[in-house]
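Chemist: Predicted model and sequence below, questions to follow.
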Amino acid sequence: MMIDYIKLKNYRQYRDCKINLGIGERGKNIVVIEGANGAGKTNLLNAITWCLYGNELHISKKYEGLPVINTLMLDKLGTGEKSIVEVEVQLVSNDKNRRYKIKRTMWIQKSETGDAEQITDRYQSNQQDGTKLEMFAQIGKDMGYYRDPAAAIQRLLPEKINEYFLFDGERLDDYFKEESGEIIKEAVFKISQLELLDRMVTHLSHAKNEFLSSSKGLTPEVKELQDGKIKLQESLEKMKDELDKLVDSQKVAKKHRDKLNKELRELSPGNIKKLAQERIELNTDLSQFEVNLDEERKGKSDYLIDITPSIFAYKPIAQTLQIISKQKEAGDIPPNYKKNFLEKLLEKGVCICTTIISKKDSKHRKSIEKLLQNCDEITNISGELIELSGELRNIKEQISGFDEKRINYTKKIKDLEEQIRRKNERLKKIEDEIKGCDIEDIKRKEEKLEEYNNEISKVDEKIGEKKITIDNIKLKIESLDEDLLKEIKKQDKLKELNRFCSFCDSALEIANEIKSEIMEETRKEIEKKTKKEFFDIIWKKETYKNVKIDDSYNFSVLDQSGRESIGTLSAGEREALTLSFIAGLNTVSGFDAPMVIDTPLARIDPEARENIAKTIPQYFGGTQIILLVTGSEYTSPVRKELLKNIHKEYKIDFKEFKKGCEAEVMPYGK
Amino acid sequence: MGEEIKIREEVNEKIKNKIESGKYPEEIKEFLRKMLLLEFEHIDEARPRIMDEYIDNIRKYAGKRRDE
């Protein structure tokens, strides 16, 4: 199946646009539509899902809340004037034998406040959302329309697995999540039409019950068995209701959990938390750094105050030291005679030359007394000078270290100022990044998420218990049925009834057998094909050993030592696995969908990009692949890899005006 | 616009082939083929009212089984 064309009228930025897609000659199955971020690539994906399902499944925050109608068109409308939004998608089977035209129309009226109001066309709207959905088909030579187009679309391209053919590269994380298996299994069931057999089984079981009920009252034994069966069936129905309620409550919890997960992912709480933590650390650092800076500044100031007088006195100090030094050299300092030595001589009355100086009028004694008189003054000055020279030398040393110390202080202060400036700058960036993010709200959301997870696992246990009880009741009913049949067989008049019941049993057995066989064969084939594709294209072939899909369609990728690796696959590897699975699904289940891949390489590292680009055409054989890419994804090497399979290349020409925007899809190079 | 489309030819070949190739009694094969188409015609209905057709066909094909 391929998309032949998409026609858009007043849809988002597309005012009037038809994009011919199709498949070219010699297997050229790739159409590339290049556009900058925000130009309208994802809205092409949205246009498709809106047309098919009435939902814009890939809407970005930018467009959430904005009217579906092109804002330039809305601006042109007068108050009360109406216009339409219309998207038409034509699908064609690869053998061109089947052609489906699907068209959705919405009516818009401009309100007095200038807003777009969706209105319902009394004669034309046929969907609950007020839109009109039409589906025309040409199968061979027959042409016609579908009475219930929504149901026909669900059979052709089920919405539940839309993300496996309308692939959003930005949402890689959503693939292979816990409940995906259930969704895939249900979709495979739908695509393979196994629900026909399921319904058949239900109807046959009801029919058998009706036959058995009609035997009620024929004999006391049969009656007793019938009464027992009725009681068990009542109990079974009650259990089934309880199980349904549990499953529903779990679905609601899962829905809430997914919503919270999505919100938290968008808020990127991990990052926000990291930033918040960094902010705390930065603020602590800043406080400490500011204290340090103050200390350094005070230290420098105190030092300058202390040292400034010495600096001013540097010259006299140097001169004084020089004088003292000269005095020392001349032998004037210290003095030749010490005061206490002379005092002792006078006290003893004997000179060192043994002359008696005890007599007060002695000539010698008078000479020593004169020396003592002069010595007093010299000793004092000399002592002071010696003491002073020590101090002066210290001061001189301090002065000589002034430049180094001043430079050190200045450097430390500058360093601290620079660090404070940087930290403030980072703090501002963080503030800007987490501006509008409520950390408390994130915490609350995470707590709530934990609650939902607990609830889901509790309900899971209850569901398991309930299923066991149901199975037990079913076994008891089966056993009663056997007894009932035996009892019926005993009586000739119930022979016909017995024949009907036996026929039902045989048909039931066969229908169940075929259903199980197809389900198992389909699963195995999808697993085989997925594994083959994955190992054909994966670039780290030695790392992985096996790809498995279990009965519940849960995926496993095992590494060489048999360990589960699905959680550690890189974005490129996850994309490879997803594309391999889609290829498997396409080939095996009879599911025949074109592939629209939005930003296929956005989250892939450059090395893996070329690998993915090289293998994209191989994945799907002749399946049409529409790639919505940005210029940075669609590099020359990527284009080179795809070129021989490219059927058409387009570029989105996006123009933004004061009152809205407009986009056109132009052939490449025009 | 043409007629309303009834897509009988689109019943999954795999299911049809399984019925055909299985070693089942012919009357059950015939019954299953018929019921498969019946289910397909009512696939869009959540609770199709087709029990009477089931009962009638079971009576018919179980009768055939006796005749054989």
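Modeler: Thanks, I have the structure now. Residues are numbered from 1 along each chain as shown, chains lettered A, B, ... in the order given.
Chemist: Residue 27 - how many residues pack around it?
Modeler: By default, I'm working from chain A. 13 (other C-beta atoms under 10 Å in any protein chain shown). For the C-beta atoms, the positions are set from N, CA and C on the backbone; glycine is no exception.
Chemist: my bad, chain B
Modeler: 20.
Chemist: and what of the one 4 residues further on?
Modeler: Residue B:31 has 26 neighbouring residues, counting by other C-beta under 10 Å.
Chemist: Quick one: residues contacting it.
Modeler: Contacts here follow C-beta atoms under 8 Å, 6 or more residues apart in numbering or on different chains; on that basis residue B:31 touches A:503, A:507, B:57-58, B:61.
Chemist: hang on, it is in a strand, isn't it?
Modeler: No. Residue B:31: not assigned to a strand; according to DSSP: H, G, I helix; E, B strand; the rest coil it is helix.
Chemist: For residue A:371, see how far away it is.
Modeler: 152 Å (C-beta to C-beta, to the nearest Å).
Chemist: So which of the contacts of residue B:31 sit within helices?
Modeler: A:503, A:507, B:57-58, B:61 (DSSP state H).
Chemist: wait, which of the residues you listed is closest to residue A:575?
Modeler: residue A:507 (45.0 Å; C-beta to C-beta).
Chemist: my guess is the closest one contacts residue B:32, does it?
Modeler: Yes. Residue A:507 lies in contact with residue B:32 (C-beta atoms under 8 Å); the separation is 6.4 Å.
Chemist: of the two, who's got more company?
Modeler: Taking other C-beta under 10 Å, residue A:507 and residue B:32 do not tie; residue A:507 has more neighbours (29 against 25).
Chemist: before we move on, which element is the closest residue to residue A:233 other than its chain neighbours in?
Modeler: Nearest residue to residue A:233 in three dimensions, chain neighbours excluded: residue A:477, at 6.6 Å (C-beta to C-beta, 6 or more residues apart in numbering or on different chains). Element membership for residue A:477 (DSSP states H and E) is helix A:439-490.
Chemist: so who does the closest residue to residue A:385 other than its chain neighbours touch?
Modeler: Nearest residue to residue A:385, sequence neighbours excluded (C-beta to C-beta, 6+ apart): residue A:324, at 5.4 Å. Residues in contact with residue A:324 (C-beta under 8 Å, 6+ apart) are A:333, A:385-386, A:388-389, A:392.
Chemist: buried subset of these?
Modeler: A:333, A:385, A:389, A:392 (16 or more other C-beta atoms under 10 Å in any protein chain shown).
Chemist: Tell me which of these fall in helices.
Modeler: A:385, A:389, A:392.
Chemist: so residue A:627, which of the three states?
Modeler: Taking three-state DSSP, the label given to residue A:627 is strand.
Chemist: and it, what are its bridge partners?
Modeler: residue A:32, residue A:597 (DSSP bridges).
Chemist: List the contacts of it.
Modeler: Per C-beta under 8 Å, 6+ apart, neighbours of residue A:627: A:30-33, A:597, A:600, A:616, A:642.
Chemist: Tell me how far the residue lying closest to residue A:116 once chain neighbours are set aside lies from chain B.
Modeler: Nearest residue to residue A:116, sequence neighbours excluded (C-beta to C-beta, 6+ apart): residue A:67, at 3.5 Å. Plainly put, residue A:67 is 31 Å away from chain B if you go by C-beta to the nearest C-beta, to the nearest Å.
Chemist: so residue A:67 sits in a strand?
Modeler: No. Counting by three-state DSSP, residue A:67 is not part of a strand but coil.
Chemist: ok, it - how many residues close by?
Modeler: Count around residue A:67 with other C-beta under 10 Å applied: 19.
Chemist: where along the stretch 101-250 of chain A do the helices fall?
Modeler: In the stretch 101-250 of chain A, the helices defined using DSSP state H, counting those that start in this stretch lie at A:149-156, A:180-191, A:194-213, A:220-267.
Chemist: what do you get for chain B?
Modeler: Going by DSSP H, chain B shows helices at B:13-21, B:26-41, B:51-67.
Chemist: With respect to burial, which of these scores highest?
Modeler: helix B:26-41 (a mean of 19; mean count of other C-beta atoms under 10 Å in any protein chain shown).
Chemist: If you average the pLDDT over that one, what comes out?
Modeler: Mean pLDDT, computed over helix B:26-41, is 91.
Chemist: Centre of the chain to it, how far?
Modeler: 2 Å (C-alpha atoms, centre = their mean, to the nearest Å).
Chemist: Equivalent analysis for stretch A:430-449, please.
Modeler: For stretch A:430-449 - counting by C-alpha atoms, centre = their mean - the centre lies 15 Å from the chain centre.
Chemist: what pLDDT, on average, does that stretch get?
Modeler: The model assigns stretch A:430-449 a mean pLDDT of 79.
Chemist: and the buried ones among the contacts of residue A:324 as a markdown table, adding pLDDT?
Modeler: Listed next are those as a markdown table, based on pLDDT from 0 to 100:
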| residue | pLDDT |
| --- | --- |
| A:333 | 73 |
| A:385 | 78 |
| A:389 | 82 |
| A:392 | 85 |
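Chemist: Out of those residues, which comes closest to residue A:25?
Modeler: residue A:392 (103.2 Å).
Chemist: May I ask you to confirm that the closest one is in contact with residue A:321?
Modeler: Yes. The pair residue A:392 / residue A:321 is scored as a contact, 5.2 Å apart, by C-beta under 8 Å.
Chemist: Ramachandran angles for residue A:653?
Modeler: With angles defined as degrees, to the nearest 10, residue A:653 sits at phi -100, psi 110.
Chemist: helix/strand/coil for the closest residue to residue A:94 other than its chain neighbours?
Modeler: Spatial nearest neighbour of residue A:94, excluding adjacent residues (C-beta to C-beta, 6+ apart): residue A:622 at 6.0 Å. Classification of residue A:622 by three-state DSSP places it in coil.
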